[in-house]
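> I'd like to go over a predicted model; first the sequence, then the structure.
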Amino acid sequence: METQILTKEILDVDDITLEKVVISEWGKYCFVKVMTANERAKFIARVGAATGDVPVDLMEEVVVLTCTNAKGELIFTNKDKAKLSTKSGMALEKIFKAASKLNGLNKEGVEQIKGESPPTSSLGSPSG
């Protein structure tokens, strides 16, 4: 019974925090959010699958996964990545840096991710 209460309490916590980022180049602001576990797993799988250097569109990928409105709703989709790559690098870097800090993504973290194998589901495994 206590475990069920604790599970419910944890699952009910809104742990997706937002941080406001001013983009002077656009005369606007947006928010960046903490990635969900699912978003982070997909990101890790994509970066981990890259061979050689970090993927060329890494900055755009992070912007798509983390840039939101004030309600925490994502404002870009994967379809926007090509257009985002034509925008000011300084503007995107502001979002990227804030999202990286909020999500614990730094050079060492990305290199560590690249060295790990993509996450797998525990469904069907003896321990899952």
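Now that the structure is in, tell me what you want to look at.
> same for the helix ranked longest in the chain, what does it pack against?
For the chain, the helix that runs over the most residues, judged by DSSP state H, is helix 89-103. Using 3 or more Cβ pairs under 8 Å, 6 or more residues apart in numbering; DSSP states H and E as the contact test, the elements touching helix 89-103 are strand 18-23, strand 28-33, helix 58-66. Any C-beta I mention is one placed from the backbone N, CA and C, and that applies to glycine too.
> which secondary structure elements does the following helix or strand past the last one contact?
Spelled out, that is helix 58-66. Where DSSP states H and E defines the elements, the next helix or strand beyond helix 58-66 is strand 67-68. Strand 67-68 is packed against strand 28-33, with contacts defined by 3+ Cβ pairs under 8 Å, 6+ apart.
> Listing partners with orientation, what would you give for the strand it packs on?
Here strand 28-33 has these sheet partners by DSSP bridges: strand 18-23 (antiparallel), strand 67-68 (antiparallel).
> still on that earlier bit, so which of the helices and strands packed on helix 89-103 gets nearest residue 80?
With Cβ to Cβ as the measure, helix 58-66 is the member of the helices and strands packed on helix 89-103 nearest residue 80 (6.5 Å).
> for the closest residue to residue 22 other than its chain neighbours, what are its contacts?
Leaving aside its sequence neighbours, residue 22 sits nearest to residue 29 (Cβ to Cβ, 6 or more residues apart in numbering; 4.8 Å). Applying Cβ atoms under 8 Å, 6 or more residues apart in numbering, we find residue 29 in contact with 20, 21, 22, 23.
> And for residue 92?
Taking Cβ under 8 Å, 6+ apart, one finds 59, 60, 63, 84 in contact with residue 92.
> Ok, residue 103 next?
Going by Cβ under 8 Å, 6+ apart, residue 103 touches 34, 35, 40, 62, 66.
> Right, I'll leave it there.
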